[in-house]
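# Make a model of this:
(one chain, ligands or ions: 1)
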Amino acid sequence: MKTIKIPAITLSILVLVSGFTEAKAPVGIVIHGGAGTIERSQMSAEQQQQYEATLTDAVNKGYQLLAAGGTSLDAVIAAVTLLEDSPLFNAGKGAVYTWDETHELDAAIMTGQDRKAGAVASVSNVKNPILLARAVMEHSEHVMLTGKGAEQFADTQQLELVENSYFNTEFRYEALKRAKQAKQALPHQAAVLTDPNWKMGTVGAVAIDSQGNLAAATSTGGMTAKRWGRIGDVPVIGAGNFADNSSCAVSGTGHGEYFIRYNVASDICARVKYQGKTAATAAGEVMRELLAVGGTGGVIVVDPKGELSWAFNTPGMYRAKRNAAGTVVEIFGNQNEKTSN
Ligand code: ASP
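Residues are numbered from 1 along each chain as shown. Next comes the predicted model:
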């Protein structure tokens, strides 16, 4: 019998290489562009087409990276950056106005294999806040930076800086005027939410890569007419953004004060981890319970098996997902999922 000798060094390289390329999970990505009063009757066919086209571009961009063996971190960053650059969503270019007619942006990123996180709050001159959140995670010893300090750090990170007026858009300015009128009429209530034209539009992405690693990214301009340096749920790790390989990754959108108080993103993952629930069941439960106490919004979720899901308690949520089974892009509630390959 002839034996073939493989030198030990070659063997260990082979093991290393196969360990590196072994796909532990099917890759997939889910994105959102905000939840709120989004109804078919209030949207023209042209507007619908614009939203769907941008969501499709973003989910495809993330998926292509994953399919080529890229990391979930790079995939969620790619999708969120594209949505930040679109004026359609309340993040980056399309950020809402503060009470003082400026823009203050929040963003967060988290990776599930090591629970590293980076977050920025109230930044006013960084074109893509999600890139700054990533820089905080990768190039600082901190997790969350705010305001002027975050901007000083951005200055050291070769990130594109812009004038605050870069974020100006006419339709968000109109929304501010309506929100101010509503708030003046009902100063102690979240009156903006009673405006039927009010649409939230935070953006987010969660993904799983071929190594089975989860990541979550979320970026927002916050709530229209926010005051006094208000910071929402997005940069609060565990509230609007969370990733942990042992349970799930979540990106949220909605009334941030409730997401903070109910620790929405990490509560969903805790139910998966400690109660053995599926991510979809846990997300549905948490969104129902949130609505019962007055909190509106939605979440997107991915679990370590690659299940992609979403849940929202508002009339609609801009959303899309893609995995080997195909692509789904939806805006309104109660849509029958149609998967296109
Ligand atoms: N959650 C965001 C915030 O409260 C707003 C949104 O999702 O639209 O800042």
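
# What segments of this structure are strands?
Using DSSP state E, the strands found in the chain span residues 28-36, 105-111, 116-123, 144-146, 203-208, 214-220, 241-244, 248-254, 297-302, 308-312, 316-323, 326-332.

# for those strands, which one ends up most surrounded?
For the strands of the chain, the largest average neighbour count (mean count of other Cβ atoms under 10 Å) is found in strand 203-208, namely a mean of 36. All C-beta spots, glycine's among them, are computed from the backbone N, C-alpha and C.

# what sits against residue 250?
For residue 250, the contact set (Cβ atoms under 8 Å, 6 or more residues apart in numbering) comprises 206, 216, 241-243, 264-266, 268-269, 283, 299-301.

# my bad, should have said residue 214
Counting by Cβ under 8 Å, 6+ apart, residue 214 touches 72, 111-113, 206-208, 243-245, 248-249, 302, 304.

# What score does it have for pLDDT?
With respect to pLDDT, residue 214 scores 98.

# And the closest residue to residue 263 other than its chain neighbours, how far from the ligand?
Leaving aside its sequence neighbours, residue 263 sits nearest to residue 238 (Cβ to Cβ, 6 or more residues apart in numbering; 5.4 Å). Noted for residue 238: a distance of 14 Å to the ligand, by Cβ to the nearest ligand atom, to the nearest Å.

# Quick check: residues of the stretch 51-200 of the chain near the ligand?
Proximity of the stretch 51-200 of the chain to the ligand is confined to 90, 200 under the rule Cβ under 6 Å from any ligand atom.

# residue contacts, residue 168?
Counted by Cβ under 8 Å, 6+ apart, residue 168 has contacts residue 103.

# give me phi/psi at the residue in the stretch 101-250 of the chain that the ligand sits nearest to?
As assessed by Cβ to the nearest ligand atom, the ligand sits closest to residue 232 within the stretch 101-250 of the chain, at 2.4 Å. Torsion angles at residue 232 (phi, psi; degrees, to the nearest 10) stand at phi -90, psi -160.

# count of residues packed around it?
Close neighbours of residue 232, defined as other Cβ atoms under 10 Å, add up to 26.

# low-scoring pLDDT stretches of the stretch 151-300 of the chain, where are they?
186-199 (pLDDT under 70).

# Recalculate using a threshold of 90.
Scanning the stretch 151-300 of the chain for pLDDT under 90 picks out the ranges 178-201.

# So which residues of it form helices?
170-185, 256-261, 264-275, 279-292 (DSSP state H, counting those that start in this stretch).

# my guess is residue 121 contacts residue 149, does it?
No: using Cβ atoms under 8 Å, residue 121 makes no contact with residue 149, being 10.2 Å away.

# Need the contact partners of stretch 89-97.
Under Cβ under 8 Å, 6+ apart, the answer for stretch 89-97 is 33-34, 54, 80-81, 83-88, 103, 105, 107, 127-129, 166-167, 169, 172-173, 175-176, 200-203, 219-226, 318.

# Buried members of those into ChimeraX, please.
Here is the ChimeraX command that selects the buried residues among those (16 or more other Cβ atoms under 10 Å):
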select :33,34,54,80,81,83,84,85,86,87,88,103,105,107,127,128,129,167,169,172,175,176,200,201,202,203,219,220,221,222,223,224,225,226,318
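
# Mind listing the residues bridging to the nearest residue to residue 138 once chain neighbours are set aside?
Distances taken as Cβ to Cβ, 6+ apart place residue 118 nearest to residue 138, at 7.1 Å, with adjacent residues excluded. Beta bridges link residue 118 to residue 109 when assigned by DSSP bridges.

# Mind putting the contacts of residue 214 into JSON lines with distance to residue 313?
Shown next, in JSON lines, are those (distance: Cβ to Cβ, whole Å):
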{"residue": "72", "distance to residue 313": "27"}
{"residue": "111", "distance to residue 313": "28"}
{"residue": "112", "distance to residue 313": "25"}
{"residue": "113", "distance to residue 313": "31"}
{"residue": "206", "distance to residue 313": "19"}
{"residue": "207", "distance to residue 313": "24"}
{"residue": "208", "distance to residue 313": "25"}
{"residue": "243", "distance to residue 313": "22"}
{"residue": "244", "distance to residue 313": "24"}
{"residue": "245", "distance to residue 313": "27"}
{"residue": "248", "distance to residue 313": "19"}
{"residue": "249", "distance to residue 313": "20"}
{"residue": "302", "distance to residue 313": "20"}
{"residue": "304", "distance to residue 313": "25"}
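
# What is the end-to-end distance of stretch 292-310?
Start-to-end span of stretch 292-310 (Cα to Cα, to the nearest Å) is 18 Å.

# distance between that stretch and the chain's centre?
Mean C-alpha position of stretch 292-310 versus that of the full chain (Cα atoms, centre = their mean, to the nearest Å) differs by 11 Å.

# can you check stretch 234-249 too?
Averaging C-alpha positions (Cα atoms, centre = their mean) puts stretch 234-249 10 Å from its chain's average.

# Kindly report the same for stretch 262-271.
How far stretch 262-271 lies from its chain's middle: 15 Å, per Cα atoms, centre = their mean.

# got the contact list for it?
Residues outside stretch 262-271 that contact it (Cβ under 8 Å, 6+ apart) are 216, 233, 237-242, 244, 247-252, 258-259, 277, 279, 281-283, 285-286, 289-290, 293, 295, 297, 299, 301.
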